[in-house]
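[1] pasted the sequence and its predicted model underneath.
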Amino acid sequence: MEYEFRHGSKAAEAARNINDVYGANTTNDRTTRYWFARFRPGNFDVRNERGRPKMMVDNDKLKTFVEADDSQTTAELAATFEVRTKTILVHLPQIGKVKKLNKWVPHELNKRQREIRVETCL
């Protein structure tokens, strides 16, 4: 593919040429376009990358941030920790938090919180 790229071939043409030489279904247009996109900025490293890097969040720090301001959105937390929102959504249950009434709260109420709610209702 690198040869075809350097030769100036289009991705579809390169895929046909490669399949003609190495056999049908050796590659396809989509795969060739992917590699050509990697080659364009000068990245000719053909080693496979092992997926996305794992985004880790220190649960203790996350808990501190959430408890300091329980009205923060997942997007705000994600920006603070420089990770994706999905990563925050994975870590929040790990620290025992769920979103209720637009606040991050402990998943279970403690005894005192239950008593306060009963008193409020009465």
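    Arrived safely, thanks for sending. Here the structure is a predicted model, which is why all the values come from computation and not from measurement. Numbering: from 1, shown residues only.
[2] and the pLDDT at the residue nearest the centre of the chain?
    In the chain, the centroid-proximal residue (C-alpha atoms, centre = their mean) is residue 84; its distance is 5.3 Å. Taken from the predicted model, the pLDDT recorded for residue 84 is 88.
[3] I figured it hits residue 78, correct?
    Yes. Using C-beta atoms under 8 Å, residue 84 is in contact with residue 78, at 6.0 Å. For every residue, glycine as well, the C-beta is placed using N, CA and C.
[4] helix or strand right after the helix or strand of the chain with the lowest mean pLDDT?
    Sorted by mean pLDDT, DSSP states H and E, the helices and strands of the chain end with strand 103-106, the least confident at a mean of 66. Past strand 103-106, heading to the C-terminal end, the next element that is a helix or strand (DSSP states H and E) is helix 111-121.
[5] residues contacting that following helix, please?
    Judged by C-beta atoms under 8 Å, 6 or more residues apart in numbering, the contacts made with helix 111-121 from elsewhere in the structure are residue 109.
[6] show the average pLDDT along it.
    Mean predicted lDDT for helix 111-121 stands at 88.
[7] how does this structure divide into domains?
    Structural domains annotated on the chain: 2-39, 59-121, as defined by automatic domain parsing.
[8] between the ones you listed, which gets the lowest average pLDDT?
    The lowest average pLDDT among the domains of the chain, as it happens, falls on domain 59-121, at a mean of 84.
[9] now that domain: how far from the chain's centre is it?
    Counting by C-alpha atoms, centre = their mean, to the nearest Å, domain 59-121 is centred 20 Å from the centre of its parent chain.
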